[in-house]
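1. Any chance you could fold what I've pasted below:
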Amino acid sequence: MSTPFTGPVRPRADSAAALRPVSVARVTGGFWAARRRTNAEVSVPEGPRRLEEAGNLANLRAAADVGAAPEFSGDFQFQDSDVHKWLEAASWQLADAPDPALAEEVARIVRLVAAAQLENGYLQTYYQLGGGKPWTELGWGHELYCAGHLIQAAVAHHRATGGRELLDVAVRFADHIESVFGPGKQVDAVCGHPEVETALVELYRTTDDRRHLELARYFVERRGHGLLASGADRGHDRDPGPEYWQDHTPVREAQEVTGHAVRQLYLLAGAADLATETGDAELRQALERLWADAVATKTYVTGGMGSRHDWEAFGDSYELPSDRAYTETCAAIASVHFSWRMALLTGETRYSDLVERTLFNGFLGGVGLDGRTWLYVNPLQRRAHAHERPGDQTSRRTPWFRCACCPPNAMRLLAALPHFFASADDGGLQLHQYATGQYAGGGLTVRVATEYPWHGTVTVTVEEASGQERVLSLRVPAWCEQFRLSVNGLPAAELPEHGWLRVRRIFRPGDTVRLELALPVRRTHPHPYVDAVRGCVALERGPLVYCLEGADNGGDLDGVVLDASAAPEVRERPDLLGGVTTVVVPGRRLVTDDGGWWPYRTGSAPARRVDLPVELTAVPYYAWANRDAGAMRVWIPRQH
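-> Numbers count the residues shown, from 1 in each chain. Predicted structure coming up:
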C-alpha cells in the first residue's frame, strides 16, 4: 500500500462535511490510469521546458536577481500562476509515485520561487519587475489569484513531501496579505479573479492558523459590494461591468451564476470550503441554489460551462450554442472543484454525477491524447472549413498558449485525480467514480477492478475490514436506468437511496460486491428552451458523450441527419484514437440543389434535394481533434 494520499481538499475533523476524502486512493489500471500515465510521463515532465520558453521562469530569476535581465517576460501579469500550477501538479505526481528526477526539478523551482519572494512576503514578478505598484489594480492585477495558486502548490508540496520549503513561502505571503487587506487596513477590496479563497481555507486546514480562515471569509463576504473598479484600466477599452467578476451581488443573495465562468466557479468553490469549515447553513443554501442554476440552465451536455467568447462568460439561461461554445478547459476544472466540495459537504450524488460527466467530456476534451497538445476552448460543433483567427481561442490543438492557464491546470487535476474518486464517513466507504485501483477509508480497504467506461461491470473486493458493521456505498450514475448488484455472487436487492446503493454488513477480507451498469446507447434530447439545438439529438453511452467527426464521415457534416428510429451498433476499435468504442448509426445526407441566389424559401416552395443514405460513425467527444482540425458535431439533426 502506498503512502496515504490526502489530496487537495482535506476538511477538518470538526467541519460540517458529510463525507471526507479517503486516506488512500490509488488508480492502478484502466482508462484513467492510461490518461494519468501520459500526464506523468509526458505533460508534467515537459512543463518546465514550456515555462522556460514562455518566460515564466525567467521572470522568477529576474525577481530573485540571479543574473537575469530585470524585465518582465510575457503578455500577462499572472504568468507566475502557471509555475505554481505546475508545482502543484508535480507535487501530486510525487505523492502518487516517487520520481527522483521530478523531485529534483520541483526542488529547483521551489528554490527559485523562494528566492523571488520579497522580504515582506509579497510575490508577483509582474509588479516586482516594474509593472506598477502592488495592490493598486485589483480588477486586473491577479495578485491574489497568483497567491492562491502558490498556496495550493505549497499545500500539495507539503502533503506530498513533508517539506516546508514552499509552505513557508506561502505562509509568509498569506501573512502579508492579512496585513494589507481588511477594514481599516491599506486595502478594503477583493481580487478581480477569485481563487485565493479556497487556497486560504486549505492553508487553515494545513496550519491550524484560524487567521487564514477569517481572511477567506473576508474575501467571500466582501465580494458583491461593488468594490472593484470596472473602467478601462489595464489597457481594456471596454467595461465588463460588475457581473464579470461577481462584484454586483453578495454570494448569499445571488440567484444565478453570471460573468466570467472560471472566476464564478472558483469563487463558489472557495465559498463551499468556507461553508464546510464554518457550518454556515445560509451560505450552503446559496451554494446549492447557484449550483442548481448553473447545471439546469447554463451547462452543456459535455459538462462544459461558459457559452460566450465575449468576456469568457456564462450566457443567459439556455443560451448554449454549439458552434460558438466557449467552454474553457479551466472552467471544466473549476466545475469539478466546486462540485466535489459540494459532494463532500452534502453527501449528495448529483454533484458527483456532474463531476463524472465533466471529467470524461468537458475536461478531457481539452487534453490531447499525446499529452502535448491542448484545447483552450471546447466547442460542440466545428464546420469543415471553419475560419478561425490564430491564438488561444482556436479549436485546433495547440502545444502551448500565450495565455497558458489551461495546460498546467489540467496537469494538476490529472495528477490529483484519485482524490476525487472516493470518500468516507464514520459508517463506511463511498465510491463516487469507478476506476481500477485501491481505496481505503471508513474502516474498509477495497480493490476495484473495472473496464469502465467501455464496460459497465465494477467489481469491488474487500482487502481489509474493521470487523464491525460497515456500509459500502456505490453511486448509481444518473444516466443509468438498469443495473444489477450482487454480493459474494448472490443477487442483492438493495435499491438506490438518493443515488447510492448501500451494502451494509460485517465485511470480511475476500468479500466481493459486483455492480453491473447497463450501457445502451442513449439518444439525448435538449431542453426545449435551448434554441440552438432544437430538433437535434446527442448520442451518449455510459458517461461518454459522442460526436461525429469529418474524418469518419466523409469530411463535411453539413446536411447530415440521424435516423431517429434505427438501432445503433456498438463497435470496439482498439486501432482508433488510442482504443475507443464507437457508435455506428444509420442516417442520411441531405444534398440540396436549390440553385438560386437566395438561401431561403417560403413554405409553399418545394425543396430540391436528394437524400443519400449514410452510415454515421460517432467517437467519444474527448477524443475529437486528435487527427485533424476538420468538422465535428455533438448535436445531430434527427429525421423521423
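
2. Only C-alpha atoms from now on, for both contacts and neighbour counts.
-> Noted.

3. Could you list the low-pLDDT ranges of the protein?
-> Within the chain, the segments meeting pLDDT under 70 span 1-5, 66-69, 230-237, 593-595, 605-608, 640.

4. give me that answer again for 90
-> 1-6, 23, 65-71, 229-239, 384-396, 493-495, 563-567, 590-612, 628-629, 638-640 (pLDDT under 90).

5. Any idea which residue is closest to the centre of it?
-> The residue lying closest to the centre of the chain (CA atoms, centre = their mean) is I333, at 1.7 Å.

6. Assign it to helix, strand or coil.
-> For I333, the assignment made with DSSP: H, G, I helix; E, B strand; the rest coil gives helix.

7. That one - nearest residue in space that isn't next to it in sequence?
-> Of all residues not flanking I333 in the chain, F363 sits nearest, at 6.4 Å (CA to CA, 6 or more residues apart in numbering).

8. and what of R205?
-> R12 (6.2 Å).

9. Let me know whether the one you found touches E277 as I believe.
-> Yes. If you go by CA atoms under 8 Å, R12 and E277 touch, sitting 7.1 Å apart.

10. Between these two, tell me which one has more neighbours.
-> Neighbours around R12 and E277, counted as other CA atoms under 10 Å, are more numerous at E277. The numbers are 21 against 16.

11. Tell me if that one really is in a helix.
-> Yes. Checked against three-state DSSP, E277 lies within a helix.

12. Specify the local secondary structure of the nearest residue to it once chain neighbours are set aside.
-> Spatial nearest neighbour of E277, chain neighbours left out: S15 (4.7 Å); criterion: CA to CA, 6+ apart. Of the three states, S15 takes coil according to three-state DSSP.

13. Hmm, D273 and S15 touching each other?
-> No. Using CA under 8 Å, S15 makes no contact with D273, being 9.7 Å away.

14. Do a quick rundown of the helices in the stretch 351-500 of the chain.
-> With DSSP state H, counting those that start in this stretch as the criterion, the stretch 351-500 of the chain has helices at 406-415.

15. what's the answer for the stretch 101-250 of the chain, then?
-> Using DSSP H, counting those that start in this stretch, helices in the stretch 101-250 of the chain cover 125-128, 143-161, 165-180, 196-207, 210-222.

16. Any idea which of the ones you listed gets closest to T582?
-> helix 143-161 (37.9 Å; CA to CA).

17. neighbouring contacts of that closest one?
-> Applying CA atoms under 8 Å, 6 or more residues apart in numbering, the external contacts of helix 143-161 come out as 5-8, 78, 80-81, 84-85, 87-89, 91-92, 94-95, 123-124, 135, 163-164, 166-167, 169-171, 173-174, 191, 193-200, 202-203, 206.

18. so the residue nearest to R205 sits in a helix?
-> No. Under three-state DSSP, R12 falls outside any helix and is assigned coil.

19. what's the spacing between it and D426?
-> Separation of R12 from D426 (CA to CA, to the nearest Å) stands at 14 Å.

20. go on, L227?
-> From L227 over to D426 the distance is 43 Å, taken as CA to CA.

21. count of neighbours near D392?
-> Neighbours of D392 (other CA under 10 Å): 18.

22. Settle this for me: R308 is touching A325, isn't it.
-> Yes. Counting by CA under 8 Å, A325 is a contact partner of R308 at 6.4 Å.

23. returning to that earlier point: which ones are touching the residue nearest to E277?
-> Residues in contact with S15 (CA under 8 Å, 6+ apart) are T276, E277, T278, G279.

24. what about R475, how many neighbours?
-> By the criterion of other CA under 10 Å, R475 has 23 neighbours.

25. contacting residues for it?
-> Counting by CA under 8 Å, 6+ apart, R475 touches T349, Q430, L431, H432, Q433, G499, W500, L501.

26. swap in A631?
-> By CA under 8 Å, 6+ apart, the residues touching A631 are Q381, R382, R383, A384, H385, E549, G550, A551, G555, D556, L557.

27. Tell me which residues touch the closest residue to it other than its chain neighbours, please.
-> Leaving out its chain neighbours, the residue that sits closest to A631 by CA to CA, 6+ apart is A384, at 4.1 Å. A384 makes contacts with G550, G555, D556, L557, G630, A631, M632, as judged by CA under 8 Å, 6+ apart.

28. circling back to that earlier point, in strands only, show me the contacts of R475.
-> Q430, L431, W500, L501 (DSSP state E).

29. got those residues as TSV, with distance to R49 and neighbour count columns?
-> Converted to TSV, the ones in strands among the contacts of R475 look like this (distance: CA to CA, whole Å; neighbours: other CA atoms under 10 Å):
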residue	distance to R49	neighbour count
Q430	39	28
L431	37	22
W500	45	21
L501	46	20
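
30. re the thing from before, looking at the helices of the stretch 101-250 of the chain, which is nearest to E540?
-> Closest approach to E540 among the helices of the stretch 101-250 of the chain (CA to CA): helix 196-207, 33.7 Å.

31. Check the spacing between V190 and M411 real quick.
-> 28 Å.

32. go on, L431?
-> Note on L431: its distance to M411, by CA to CA, is 23 Å.

33. any idea how far L612 lies from A618?
-> Counting by CA to CA, the gap from L612 to A618 is 18 Å.

34. The two - which one has more neighbours?
-> Each of L612 and A618 has its neighbours counted (other CA under 10 Å); A618 has more, 25 against 11.

35. Run a quick check on that one versus V545, I expect a contact.
-> No. Between A618 and V545 there is no contact, the gap being 9.5 Å when judged by CA under 8 Å.

36. chain center to stretch 203-220, what's the gap?
-> 24 Å (CA atoms, centre = their mean, to the nearest Å).

37. for stretch 569-585, that is, sorry about that
-> 25 Å.

38. ditto for stretch 397-404
-> 18 Å.

39. For it, buried residues please.
-> Residues R397, T398, W400, F401, C403, A404 are the ones in stretch 397-404 that count as buried (16 or more other CA atoms under 10 Å).

40. What of stretch 121-130?
-> Applying 16+ other CA under 10 Å to stretch 121-130 flags G121, Y122, L123, Q124, T125, Y126, Y127, Q128, L129 as buried.

41. cool, stretch 178-191 as well?
-> Buried-residue list, stretch 178-191, by 16+ other CA under 10 Å: E178, F181, G182, A189, V190, C191.

42. Need the contact partners of the helix or strand containing R571.
-> Under the criterion of DSSP states H and E, R571 resides in strand 569-573. Contact partners of strand 569-573, identified using CA under 8 Å, 6+ apart, comprise V521, G579, V580, T581, T582, V583, V584, V585.

43. got the angle between the following helix or strand past that strand and strand 569-573?
-> Going down the chain from strand 569-573, the next helix or strand is strand 580-592, by DSSP H and E. Orientation note: strand 580-592 sits at an angle of 120 degrees relative to strand 569-573 (axes from the mean of the first three to the mean of the last three CA atoms, to 10 degrees).

44. Partner strands of strand 580-592, with direction?
-> In the sheet, strand 580-592 lines up against strand 560-563 (antiparallel), strand 569-573 (antiparallel), strand 609-620 (antiparallel) (DSSP bridges).

45. Run a quick neighbour tally on E41.
-> Around E41 there are 11 other residues, counting by other CA under 10 Å.

46. now the one 4 residues further on
-> P45 has 16 neighbouring residues, counting by other CA under 10 Å.

47. With E202 instead?
-> Neighbour count of E202, defined by other CA under 10 Å: 27.

48. Please apply the same query to A493.
-> Neighbour count of A493, defined by other CA under 10 Å: 12.

49. quick one, strands of the stretch 251-400 of the chain?
-> Here the stretch 251-400 of the chain has its strands, by DSSP state E, counting those that start in this stretch, at 381-382.

50. State the distance from V257 to D531.
-> Taking CA to CA, one finds V257 at 20 Å from D531.
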